[in-house]
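Engineer: Pasting the sequence and the predicted coordinates here, then a few questions.
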Amino acid sequence: MRGLKDKVVLITGAAGGIGTSLVQCFLEEGSKVAACDLNEQGLQQLKEKFAQYDAQLMLVKLDITDHAAVSAAVQQIKTQFNQIDVLVNNAGWDIAKQFVDTTPEFWEKVVSINLMGPLNLQHVVVPEMVANGGGKIINISSDAGRVGSSGESVYSACKGGIISFSKTLARETARNNVRVNVVCPGPTDTALLQSFTGDGEFGQKIYDGLKRAIPLKRLGQPEDIPGAVAFLASDDANFITGQVISVSGGLTMHG
Ligand SMILES: NC(=O)c1ccc[n+]([C@@H]2O[C@H](COP(=O)([O-])OP(=O)(O)OC[C@H]3O[C@@H](n4cnc5c(N)ncnc54)[C@H](O)[C@@H]3O)[C@@H](O)[C@H]2O)c1
């Protein structure tokens, strides 16, 4: 894709299922990647997996819920790579529960990771992008944020919030050449989905049901997601902002 070589891309949740595929995609495009995650062991695994891209890859242990830590991480990335051209807010977390069975403590954790985390990143990175003459932000939301999802009420609220936040930020920053778009994965085969479906026969039934419901007749794989993200980060998408794209095998066809 055009314009990704040598661009500096900050990816959160980089050690997770979709995050690892995002890191791989941008490294292959020749970008410099600041891979951020809470999971130190996962970051170490990224280092080993992508050893051939050593000079392009920077690992940053980061809890996205901590605004001060986000500021410090962005400074660290600027010291190594000079600036941030692309921000991919990908970190996320949930446990499936009926809303009435959840607690305020649980809501706080879900909101702090899925909503406050991306806000922290954008609050720190947007002024940097404005100072640099522009940039691209891609927020990884979810189809749960577009059409709802049983067992994911508070997570859906955060993901829906991210969609409307992104449209607003896109309007506010367009004059500064910062484009903000959203990619919504559908059910994608990662640790997050496995924690949702659970193991054993029950989990298998959910997987089978999803496969039947998805028009393209399979679950998403982590490597299905980066194409849309890389496109939105590329020069080919310079005239696109405030948009939402589902990558879900056609499960949702939202207007
Ligand atoms: N897998 C799916 O079915 C699916 C569907 C729709 C949307 N999504 C979204 O895609 C994104 C990636 O999810 P995934 O499926 O790869 O999940 P995953 O669990 O494999 O990866 C999530 C990553 O986020 C990191 N993380 C969690 N809390 C963090 C924090 N406070 N600070 C920094 N990092 C933190 C985890 O350590 C993990 O590496 C998430 O935003 C998720 O909501 C996933």
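Structural biologist: Here it is on my side, so go on. Residues are numbered from 1 along each chain as shown.
Engineer: Backbone torsions only: list them for the residue nearest to residue 195 when sequence neighbours are not counted.
Structural biologist: Excluding its sequence neighbours, the residue lying closest to residue 195 (C-beta to C-beta, 6 or more residues apart in numbering) is residue 95, at 6.3 Å. Just so you know, the C-beta spots here come from the backbone N, C-alpha and C atoms, and that holds for glycine as well. In this entry, residue 95 is assigned phi and psi values of phi -130, psi 130 (degrees, to the nearest 10).
Engineer: And for residue 95, the neighbour number?
Structural biologist: Residues lying near residue 95 (other C-beta atoms under 10 Å) number 14.
Engineer: got the residues of the stretch 51-200 of the chain near the ligand?
Structural biologist: Proximity of the stretch 51-200 of the chain to the ligand (C-beta under 6 Å from any ligand atom) is limited to residues 62-65, 90-93, 113, 117, 140, 142, 185, 187-188, 190-193.
Engineer: Please repeat the previous calculation with a cut-off of 8 Å.
Structural biologist: Counting by C-beta under 8 Å from any ligand atom, the positions of the stretch 51-200 of the chain adjacent to the ligand are 62-65, 89-94, 112-114, 117, 140-144, 155, 159, 184-193, 195-196.
Engineer: Could you turn the buried ones of the residues you listed into a ChimeraX selection?
Structural biologist: Buried members of those can be picked out in ChimeraX with the line below, counting by 16 or more other C-beta atoms under 10 Å:
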select :62,63,64,65,89,90,91,92,93,94,112,113,114,117,140,141,142,143,144,155,159,184,185,186,187,188,189,190,192,193,196
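Engineer: Can you say which helix or strand has residue 163 in it?
Structural biologist: Following DSSP states H and E, one finds residue 163 within helix 153-173.
Engineer: Ok, residue 83 next?
Structural biologist: Taking DSSP H and E as the criterion, no element holds residue 83; it sits outside all helices and strands.
Engineer: one step back: counting contacts, what elements does the helix holding residue 163 pack onto?
Structural biologist: When contacts are defined as 3 or more C-beta pairs under 8 Å, 6 or more residues apart in numbering; DSSP states H and E, helix 153-173 packs onto helix 104-111, helix 117-132, strand 135-140, helix 144-147, strand 178-185.
Engineer: List the buried residues of it.
Structural biologist: By neighbour count, with 16+ other C-beta under 10 Å as the criterion, the buried positions of helix 153-173 are 153-163, 165-167, 169-170, 173.
Engineer: Not counting sequence-adjacent ones, nearest residue to the residue in the stretch 51-200 of the chain positioned nearest to the ligand?
Structural biologist: With C-beta to the nearest ligand atom as the measure, residue 92 is the residue of the stretch 51-200 of the chain nearest to the ligand, at 2.5 Å. Leaving aside its chain neighbours, residue 92 sits nearest to residue 114 (5.4 Å; criterion: C-beta to C-beta, 6+ apart).
Engineer: that older thread, give me the average confidence score over the helix holding residue 163.
Structural biologist: Here the mean pLDDT over helix 153-173 is 98, rounded to a whole number.
Engineer: Contacts for it next, please.
Structural biologist: Applying C-beta atoms under 8 Å, 6 or more residues apart in numbering, the set of residues contacting helix 153-173 from outside is 89, 92, 94, 98-99, 102, 106-107, 110-111, 114-115, 118-119, 122, 126, 129-130, 137, 139, 141-142, 144-146, 148-149, 178-182, 184, 241-242, 244.
Engineer: Filter those down to the buried ones.
Structural biologist: Those of the contacts of helix 153-173 that meet the buried threshold are 89, 92, 94, 107, 110-111, 114-115, 118-119, 122, 126, 129, 137, 139, 141-142, 144-146, 149, 178-182, 184, 241-242, 244, by 16+ other C-beta under 10 Å.
Engineer: Against residue 91, how distant is the nearest residue to residue 220 once chain neighbours are set aside?
Structural biologist: Distances taken as C-beta to C-beta, 6+ apart place residue 188 nearest to residue 220, at 3.6 Å, with adjacent residues excluded. Taking C-beta to C-beta, to the nearest Å as the measure, residue 188 and residue 91 are separated by 15 Å.
Engineer: before we move on, the earlier item: that's a helix at the residue of the stretch 51-200 of the chain closest to the ligand, yeah?
Structural biologist: No: in this structure, residue 92 is coil, not part of a helix, as judged by DSSP: H, G, I helix; E, B strand; the rest coil.
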